[in-house]
Every structure is written in C-alpha cells, then in structure tokens.
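Undergrad: Model the following, please.
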Amino acid sequence: MTSFDETYADGPDLAGFAGLLADRTRAEFCLALLDGRAWTASELARTAGVAQSTASAHLDRLVRGGILADERQGRNRLLRLATADTAEMIESLAARSPFRPTPVRSLTDSNRRRTLAHARICYDHLAGALAVAITDAMTELGLLAWDYGPALTAAGRDWLSELGIADDCPPDSWRPHVRMCLDWTEQRPHLAGAVGAALFRHALDSSWLVRRSTTRMVTVTEAGHAALRTRLGLTDDVLACSAAQARVPKDSGLPPGSP
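TA: Residues are numbered from 1 along each chain as shown. Predicted coordinates for the structure are as follows:
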C-alpha cells in the first residue's frame, strides 16, 4: 500500500525567505552587517534603536532562516552574515530598492553619506563609486573580460601576480572566482567573488585603503592614490571622495552634490 505521509519540497519557499527581510529592523541588521565583522546582539539593538529582547527575537529568526550565523564568545552572542553570497544578495537587493528621502541635519552627516557612497565595505570586498571605477578600469585594460560573463583574463592573472596576489581559488570551492555585485549607490556592478575579496585584502594590507573606525567606510591613502594611478590609471578626481557627486540616485535622500 502506498503511503502519502512523506513530506517533500514542492518548490522553493521564496515568500517565506523574502519575509525574513520584510521588516525594517531585520533589514537594518543586515545592512549594518555588510561591514563584514561580527556584531554583538546589543550593538545591533542599539543600531536599530530597539530593545534587546526585540532584537533577539529578530536575530533568532534571521539565524533560523540562514541569513545570519551566530556564535557565543563568553557572555556575548556574536552575529555575522552567513556567507559572502548572502552579503552580495543584500547589496543587490538594496540596489533595487526605492530610496527613502532622509533630511541631512549637519555637515558631518553630509560628509558621512558622501564618504559611504564613495568607498565602503561590502562584506569582504570594496563597494561604492571607487569600486565601480576600479572594475571599469580593469575592463578597459583587458584584465576582465565579459564575453561569457565576467572573467579574469590571462593579463588579469599576470596583473594580480605582479601585485603579489595569489590567484589560487580552488576548483572545488563554492566561491565564484569572479562575480559582479550590483552597487546600490552607483546602480552599476562592482567586482566581487574571490578575486574581488583578494584585491580588497591586498589594498588594506598595503595601506592603499584604511577602514574608518567601526563603520563600513574606507578612505584612500596617499599610497593608494599613487598605486591606483599607476596600476589602473585612475585619475585624482575619481580617487577623491567628491568624484561621485554627479551620480546621486533620484530621491536617495542624499544632499545635492553628494554621491
């Protein structure tokens, strides 16, 4: 006699998964975690402006849904985005989301938004106007090819080798070798995947870029200006934070003249 008691997957529960982000507090957590570091539950609660108990309930749901991963460190619960793919998904969703106009109340706030749009961390790679400019320059120099999707060329592999970056992504790795992530401020792709992560690590290790405190923002140093001019032909106006001034998404809430 045939049994009909078995449970099987009729199809992906896209609505259930999308529901994990269909809450402003949970979405705020995910955007904050794009800086690539692990946050405590209390830090996330303060960032979203909610009570610790409220934050814990939301975080539990995100962990169960596979968007976040958590671990215990003493009395603290640390949370991070589960994978690099998750981070790229969040960034891409943000790029496709309508902007909420937000008044700019101070020069400090204006400068923060401008800096965030120019160069920021997207989990383990660079995002913002600078990241898009680097991707464009690599394409123009023949380091990236787009014939069958984004791919590193032979010239690109030689270029990485000259920088001392090992292009050693294992063939059986789950991580895409080269991948494009849609930038939410520029509305254009920037380099991600194993190559994007390796290039960003090199830029930090070589002090081309420096992280700004515990935020997602990064700043180009004098050494970075020199290296990116020499290696990729980027101009000073692209390297400067003001380079993205003309590319403000409509209704972004950023002030006139901000990237």
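Undergrad: what's around Gly128, how many residues?
TA: Neighbour count for Gly128, taken as other C-beta atoms under 10 Å: 27. All C-beta atoms are positioned from the backbone trio N, CA, C, and that covers glycine.
Undergrad: ok, it - contacts?
TA: Leu116, Ala117, His118, Ala119, Arg120, Asp183, Thr185, Glu186, His190, Ala244, Pro259 (C-beta atoms under 8 Å, 6 or more residues apart in numbering).
Undergrad: For the second one, give me the pLDDT.
TA: In this prediction, Ala117 carries a pLDDT score of 87.
Undergrad: what helix or strand does it sit in?
TA: Ala117 is part of helix 107-118 when elements are defined by DSSP states H and E.
Undergrad: From the contact counts, what lies against the following helix or strand past that helix?
TA: Per DSSP H and E, the first helix or strand lying C-terminal to helix 107-118 is strand 120-122. With contacts defined as 3 or more C-beta pairs under 8 Å, 6 or more residues apart in numbering; DSSP states H and E, strand 120-122 has these neighbours: helix 84-95, strand 125-127.
Undergrad: I'd like the average pLDDT over strand 120-122.
TA: Average pLDDT, strand 120-122: 90.
Undergrad: what do you get for stretch 30-44?
TA: What stretch 30-44 shows for mean pLDDT is 90.
Undergrad: same check, this time on stretch 215-222
TA: In this model, stretch 215-222 carries a mean pLDDT of 89.
Undergrad: Spatially nearest residue to Arg26 (excluding sequence neighbours)?
TA: In this structure, Arg26 finds its nearest non-sequential neighbour in His58, 4.9 Å apart by C-beta to C-beta, 6 or more residues apart in numbering.
Undergrad: what do you get for Leu78?
TA: Leu78's closest residue in space is Ala38 (C-beta to C-beta, 6+ apart), at 4.1 Å.
Undergrad: Next up, the contacts around that neighbour.
TA: The contact partners of Ala38, by C-beta under 8 Å, 6+ apart, come to Glu71, Leu78, Leu79, Arg80.
Undergrad: Dump those residues to a markdown table, plus neighbour count, secondary structure and pLDDT.
TA: As requested, the contacts of Ala38 are arranged in a markdown table below (neighbours: other C-beta atoms under 10 Å; DSSP: H, G, I helix; E, B strand; the rest coil; pLDDT from 0 to 100):
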| residue | neighbour count | secondary structure | pLDDT |
| --- | --- | --- | --- |
| Glu71 | 10 | strand | 91 |
| Leu78 | 16 | strand | 94 |
| Leu79 | 23 | strand | 94 |
| Arg80 | 18 | strand | 93 |
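Undergrad: Same list, those residues, but as CSV with distance to His202 please.
TA: Shown next, in CSV, are the contacts of Ala38 (distance: C-beta to C-beta, whole Å):
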residue, distance to His202
Glu71, 28
Leu78, 26
Leu79, 28
Arg80, 22
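Undergrad: so after the helix or strand Gly224 falls within, what's the next helix or strand?
TA: For Gly224, the host element (DSSP H and E) is helix 222-232. Next helix or strand after helix 222-232 toward the C-terminus (DSSP H and E): helix 236-239.
Undergrad: quick check, nearest of the contacts of Ala38 to Ala127?
TA: Ala127 has its nearest neighbour among those in Arg80, at 17.2 Å by C-beta to C-beta.
Undergrad: circling back: now the helix or strand that contains the residue nearest to Arg26: how far from the chain's centre is it?
TA: If you go by DSSP H and E, His58 is part of helix 52-64. Its chain's average C-alpha position is 22 Å from that of helix 52-64, according to C-alpha atoms, centre = their mean, to the nearest Å.
Undergrad: Likewise for stretch 225-238?
TA: Distance, stretch centre to chain centre, for stretch 225-238: 22 Å (C-alpha atoms, centre = their mean).
Undergrad: is it fair to say Thr219 lies in a helix?
TA: No - the assignment for Thr219 by DSSP: H, G, I helix; E, B strand; the rest coil gives strand, which leaves it out of any helix.
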